[in-house]
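# heads up, no residue letters with this:
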């Protein structure tokens, strides 16, 4: 969506109206996943330097400290901590990510076929930005696997990086059951 005006002191923004504003929804077939993938690609760009953006690196450093205090030691926690240590230093392309792009935040519009709303901007690698969509609407193991496969192919991203960020983010958001699903997905069949 386009920013029409803003007042940083008031933390206020005036943005364009989205008409008709119909959300993409949560029935993620291949076509809707492709729509979301195209929207992500349009949004990813180098972050402007005039803003102190939230960064994945800062969040991940905090998760390394907080997750062991929040979860009992075990396989899922160890996998998440190992994933952070492995993924963070190996991020190749850092872009400004939406961080909450899912079917409820993609709306039909006139200016563009689909506009993204309600971003939670963060500087991260593109694989991290896919997690909200992959984990939306409590997917089954098969749905999770399919979403990872389709988005990885559509976006040219490493599926394993997407999966591991999903596991980490699920734990960080307090959903150990979902983290277990990400752990079970494994590699492509």
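Arrived safely. Worth saying up front: this structure is predicted, and the values here are computed from it rather than measured.

# Not counting its neighbours along the chain, what's nearest the residue nearest the centre of the chain?
Compute the mean C-alpha point of the chain, and by Cα atoms, centre = their mean the closest residue is residue 129, 3.0 Å away. Distances taken as Cβ to Cβ, 6 or more residues apart in numbering put residue 97 closest to residue 129, at 3.8 Å, once the chain neighbours are dropped. The C-beta positions use only the backbone N, C-alpha and C, and glycine is treated the same way.

# if I pick the one you found, what's in contact with it?
Taking Cβ atoms under 8 Å, 6 or more residues apart in numbering, we find residue 97 in contact with 43-44, 121-124, 126, 128-129.

# out of those residues, which are inside strands?
For the contacts of residue 97, the ones inside strands are 122-124, with DSSP state E as the criterion.

# Columns neighbour count, distance to residue 102 and pLDDT on top of those residues, output as JSON lines?
Conversion of the ones in strands among the contacts of residue 97 to JSON lines gives the following (neighbours: other Cβ atoms under 10 Å; distance: Cβ to Cβ, whole Å; pLDDT from 0 to 100):
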{"residue": "122", "neighbour count": "22", "distance to residue 102": "15", "pLDDT": "97"}
{"residue": "123", "neighbour count": "20", "distance to residue 102": "20", "pLDDT": "98"}
{"residue": "124", "neighbour count": "27", "distance to residue 102": "16", "pLDDT": "98"}
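
# Dump those to a markdown table, plus distance to residue 50.
Supplementary listing: the ones in strands among the contacts of residue 97 in a markdown table, determined by distance: Cβ to Cβ, whole Å:
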| residue | distance to residue 50 |
| --- | --- |
| 122 | 16 |
| 123 | 13 |
| 124 | 19 |
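
# what is the rounded mean pLDDT of stretch 48-63?
Per-residue pLDDT values over stretch 48-63 give a mean of 96.

# Which elements pack onto the host helix or strand of residue 61?
The secondary structure element spanning residue 61 is helix 56-70 (assigned by DSSP states H and E). Other elements packing on helix 56-70 under the criterion 3 or more Cβ pairs under 8 Å, 6 or more residues apart in numbering; DSSP states H and E are helix 75-87, strand 122-124, helix 159-172.

# how does it look with 10 Å?
Contact here means 3 or more Cβ pairs under 10 Å, 6 or more residues apart in numbering; DSSP states H and E; on that basis helix 56-70 packs against helix 75-87, strand 122-124, helix 126-129, helix 159-172.

# Residue 136: which of those is closest?
Nearest of the helices and strands packed on helix 56-70 to residue 136, taken as Cβ to Cβ: helix 159-172 at 11.1 Å.

# if we can go back for a sec, and the contacts of residue 97, which two are furthest apart?
Maximum pairwise distance in the contacts of residue 97, criterion Cβ to Cβ, is 13.9 Å, between 121 and 126.

# Lovely, talk soon.
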